[in-house]
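Undergrad: Sequence and predicted model, in that order:
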Amino acid sequence: MYSTLENSLRLLKCFTSEEPEISLTNLAKKLNLGVSTTHRLLKTLESEGFVLQNTTNQTYSLGVSVLALTNTVTSQMKIIKDANPVLKDLTTSTGESSHLGIIEGTSVIYLQKIECYLPLKIDSHLGKRTPIHCTSIGQVLLAYQQKPLEAALKKYTKQTITDPTRFQEKLAQIRRQGYAISNQEWDEEIWSVAAPVYNAKKEVIAAIDISGPVKRVTTSQQDTIKKVIQAAQALSDKIKLRS
């Protein structure tokens, strides 16, 4: 059983960019709570500005109080400030979108993104959650942080590794080479490469990646790998100097 506070937090986490508005009934189903209990939670959160109700279709969405907290978190996370110029340089030099990501629970969450100016952009954004086992950021963080994989190896494409033994072999390879490549493992049209970011204690705390359409990056993969590793090292150096 969850406490009222825990259920309130679970409710807020139901909202995503893919599902920004949710009805009372669907929220109750997602939380496995009664409609009346869910309605009470919503009314409390609404009174504090954390959710809003659309009176036209009776759905709920996140409120401005969440935005205020988001801005506070972003301003306080020094790694994001340090990463901004590094990611901008990386996107400029490669022509592809770059990301800074961490593991949260069973997903990768993007803390920062620099969008490329080319067509066929990557469907990603700040706060977006992606699978751990088939994205380059997720794989490199699993490899270096050596976190247990809590979720099953779900198949997304023909290239997704779902065999646990093969997956552990790939993580070992990532540790040996210092980077991870996801070649159409999450999206059949996307190739990405990620490298680890270290703190002053030589602990991996995040990862940087470049993601782009397979057809566009196949001719410059080795150069892109080198640039991503250099960018991750540059960010690690900034973090070490600040510590």
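TA: Perfect, I can see it now.
Undergrad: average pLDDT for the top helix by length along the chain?
TA: For the chain, the helix that runs over the most residues, judged by DSSP state H, is helix 221-242. Helix 221-242 shows a mean pLDDT of 92.
Undergrad: Quick one: list the elements packing against that helix.
TA: The helices and strands touching helix 221-242, judged by 3 or more CB pairs under 8 Å, 6 or more residues apart in numbering; DSSP states H and E, are helix 78-94, strand 190-198, strand 204-213. (C-beta placed from N, C-alpha, C; glycine too.)
Undergrad: List the buried residues for it?
TA: Buried residues in helix 221-242, counted by 16 or more other CB atoms under 10 Å: 224-225, 227-236, 238-239.
Undergrad: Stretch 96-112 now?
TA: Buried residues in stretch 96-112, counting neighbours by 16+ other CB under 10 Å, are found at 96-103, 107-108, 110-112.
Undergrad: Quick one: find the helix or strand in this protein with the lowest mean pLDDT.
TA: helix 64-76 (a mean of 67; mean pLDDT, DSSP states H and E).
Undergrad: For burial, what's the neighbour tally of residue 190?
TA: Number of residues near residue 190 (other CB atoms under 10 Å) recorded here: 22.
Undergrad: which residue sits farthest out from the middle of the protein?
TA: Taking CA atoms, centre = their mean, the residue of the chain most remote from its mean C-alpha position is residue 36, at 33.0 Å.
Undergrad: what helix or strand does residue 111 sit in?
TA: strand 107-114 (DSSP states H and E).
Undergrad: For residue 188, which non-adjacent residue is spatially closest?
TA: residue 157 (4.9 Å; CB to CB, 6 or more residues apart in numbering).
Undergrad: should've said residue 132
TA: That would be residue 138: by CB to CB, 6+ apart, it lies 3.5 Å from residue 132.
Undergrad: Phi and psi next, for the one you found.
TA: Per-residue torsions, residue 138: phi -60, psi -40 (degrees, to the nearest 10).
Undergrad: My guess is it contacts residue 131. True?
TA: Yes - between residue 138 and residue 131 there is a contact at 6.4 Å, judged by CB atoms under 8 Å.
Undergrad: hey, what's in contact with both of those two?
TA: residue 108 (CB atoms under 8 Å, 6 or more residues apart in numbering).
Undergrad: More neighbours: which of the two?
TA: residue 138 (28 against 19).
Undergrad: residues touching the more buried one, list them.
TA: Residues in contact with residue 138, defined by CB under 8 Å, 6+ apart, are 101, 103, 108, 130, 131, 132.
Undergrad: quick one: the fourth one from residue 16, how far?
TA: With distances defined as CB to CB, to the nearest Å, the gap from residue 130 to residue 16 amounts to 12 Å.
Undergrad: between these two, which one's more packed in?
TA: residue 130 (19 against 12).
Undergrad: which residues does the more buried one contact?
TA: Per CB under 8 Å, 6+ apart, neighbours of residue 130: 101, 107, 108, 110, 124, 137, 138, 186.
Undergrad: Now with 7 Å, please.
TA: 107, 108, 138, 186 (CB atoms under 7 Å, 6 or more residues apart in numbering).
Undergrad: what pLDDT does it get?
TA: 82.
Undergrad: With the one 5 residues further on instead?
TA: Looking at residue 135, its pLDDT reads 94.
Undergrad: Any regions of the chain where pLDDT drops low?
TA: 1, 67-68, 70-76, 118-128, 150-151, 218-219, 243 (pLDDT under 70).
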